[in-house]
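K.L.:
I'll drop the sequence and a predicted model, then ask my questions.
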Amino acid sequence: MSQQAELRELQAALRTASDVAFDQEPPAGEQAAVLVDALRRALTAAQALTEGPGETGCREHPRGAVDPLHGDPEDPLPPGWGRCLLCNDRRRRASTRRRQAR
Ligand SMILES: [Zn+2]
């Protein structure tokens, strides 16, 4: 989900939660369950916002791991490789296969 979508989800969930929490009657039973569900959704959306658009800069795996070798001066990555560990692993496997084929 995009940051905008996460924010809208967060706002919608918080609105639901406060509607229930500030109702005339204290929430109980089904209403309390709705409140818990809304707060859980709000928390998930808020956590997604704190993570930002992703460290990898990868469109396919924005929340993936960053390759620990990225920026390593002793063992630099081949030119054109990004920060995404998942994509770099795929490139590594592909180049290993090419080497074995020879
Ligand atoms: Zn990737």
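P.N.:
Good, I have the coordinates.

K.L.:
what's stretch 17-26 in contact with?
P.N.:
Identification of contacts with stretch 17-26 by C-beta atoms under 8 Å, 6 or more residues apart in numbering yields 27, 31, 32, 34, 35, 38, 39, 42. Backbone N, C-alpha and C define where each C-beta goes, glycine included.

K.L.:
buried stuff in the helix or strand containing residue 10?
P.N.:
Per DSSP states H and E, residue 10 falls inside helix 3-21. When burial is assessed from 16 or more other C-beta atoms under 10 Å, helix 3-21 yields the following buried residues: 6, 9, 10, 13, 14, 16, 17, 20.

K.L.:
closest one of these to residue 71?
P.N.:
Of all the buried residues of helix 3-21, the one with the least separation from residue 71 (C-beta to C-beta) is residue 6, at 28.4 Å.

K.L.:
which elements pack onto the strand or helix carrying residue 44?
P.N.:
Using DSSP H and E, residue 44 maps to helix 30-51. Contact analysis of helix 30-51 by 3 or more C-beta pairs under 8 Å, 6 or more residues apart in numbering; DSSP states H and E lists helix 3-21 as its packing neighbours.
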